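Enquirer: Quick one: sequence plus predicted model below, questions after.
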Amino acid sequence: MSAQIIDGKAMAAQLRAQIKTRVDAIREAGGCVPGLAVVLVGEDPASQIYVRNKERACKAVGMHSEVYRLPAQTSQVELLALIDRLNVDPAIHGILVQSPPPKHIDESAVIRAINPDKDVDGFHVINVGRLCTGQPGLVSCTPKGVIHLIKSTGVEICGKVAVVIGRSNIVGKPVAQLLLQENATVIQCHSRTKNLADMVRLGDIVVAAVGKKNIITADMIKPGAVVIDVGMNRTEDGLFGDVDFEAASEVAGYITPVPGGAGPMTIAMLLQNTLEAAARHV
Ligand code: GUN
């Protein structure tokens, strides 16, 4: 069997086009154009690329974009003062502080300082709490993209066994919560899981979010399963996911490639969250 490839790049482009249409309509109606502020502290090369991509995507859909590139020696007090200003800025509906910050900055204090209703990353404990208790709130971008990708296959999530490999705060845990909300039976695997292969084999839906190239091999995949690979493992030979894509494609029903699967959905969901935050503000 050969799996159908889930084209995250095309899906993200379609979502961005829909968002642009809505932003254009808001502008034409004289409404408040959604605004996103992205804050980068330091010169981490990968973070610089991510921030540039977010800025471009924001402008491409006609949103208001502000990017604050602060020197690595910026103090936590200075960063918190900027967040305080953005929290009350009426032109800004979403605030994102690129992670990881330099070591002298306490990331959780920074996230805590962001107004939860402008927390387009969905990282604030208020939003995490809302997610876990089924209340409306801003949901972390990559997990939200994962659910879109699964739904795009037409495979019903309700009643299925979903195996999530990874328990990070930004992907594994929120993905598991979202799948639970969709009425899947969720198995969360992590570094201490015994018999990982046996667990993964139960999954009608498999979400790999570990950060280890090829940790999920073809023999672990249930025939016909939906496989979403959130891994982003950079090697000298290029970018790879957590799933052995070539071999797993022979077993899975649907599978995302890396690159071009879950990655492009993250920025599309960031724009979606900014739009939602702006709508809620109004
Ligand atoms: N660094 C890598 N991914 C992310 C993300 O989704 N949000 C933030 N704020 N920083 C990141």
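Expert: Perfect, I can see it now. Numbers count the residues shown, from 1 in each chain.
Enquirer: which parts of the chain sit against the ligand?
Expert: With CB under 6 Å from any ligand atom as the criterion, the chain meets the ligand at residues 50, 96-99, 121, 141. No exception for glycine: its C-beta is placed from N, CA and C like everyone else's.
Enquirer: Taking the protein, what residue is nearest to the ligand?
Expert: As assessed by CB to the nearest ligand atom, the ligand sits closest to Ser99 within the chain, at 3.4 Å.
Enquirer: That residue and Ser140 touch, don't they?
Expert: No. Using CB atoms under 8 Å, Ser99 is not in contact with Ser140; the gap is 11.8 Å.
Enquirer: Give me the common contacts of the two.
Expert: Applying CB atoms under 8 Å, 6 or more residues apart in numbering, one finds that Ser99 and Ser140 are jointly contacted by Ile170.
Enquirer: neighbour-wise, which of these two wins?
Expert: Ser140 (28 against 16; other CB atoms under 10 Å).
Enquirer: which of the residues of the chain next to the ligand sit farthest apart?
Expert: Between all members of those, the longest pairwise span (CB to CB) is found for Val97 and Cys141 and amounts to 13.8 Å.
Enquirer: residues in contact with Thr153?
Expert: 4, 6, 226, 253-254.
Enquirer: By neighbours, which of these wins?
Expert: Of all the contacts of Thr153, Val226 has the most neighbours under the rule other CB under 10 Å, reaching 28 neighbours.
Enquirer: What are the buried residues along stretch 192-201?
Expert: 193, 196, 199-201 (16 or more other CB atoms under 10 Å).
Enquirer: And stretch 236-250, by the same measure?
Expert: Going through stretch 236-250 with 16+ other CB under 10 Å, the ones that come out buried are 240-245, 248-249.
Enquirer: Could you give the average pLDDT over it?
Expert: Stretch 236-250 shows a mean pLDDT of 97.
Enquirer: swap in stretch 255-262?
Expert: Stretch 255-262 shows an average pLDDT of 98 in the prediction.
Enquirer: Buried residues of that stretch, list them for me.
Expert: Of the residues in stretch 255-262, those buried by neighbour count under the rule 16+ other CB under 10 Å are 255-258, 260-262.
Enquirer: if we take these, which one ends up nearest to Asn214?
Expert: Nearest to Asn214 among the buried residues of stretch 255-262 is Val258, at 11.0 Å by CB to CB.
Enquirer: Leaving out chain neighbours, which residue sits closest to that closest one?
Expert: Once flanking residues are discounted, Val258 sits nearest to Gly241: 3.3 Å by CB to CB, 6 or more residues apart in numbering.
Enquirer: which residues does that neighbour contact?
Expert: Shown here is Gly241, whose contacts under the criterion CB under 8 Å, 6+ apart are 208, 213, 229-233, 256-258, 261.
Enquirer: Spell out the residue ranges of the strands in the chain.
Expert: Remark: strands of the chain, listed N- to C-terminal, are 4-5, 35-41, 64-70, 94-97, 161-165, 185-189, 205-208, 226-229, 233-235, 238-240, 254-255; assignment by DSSP state E.
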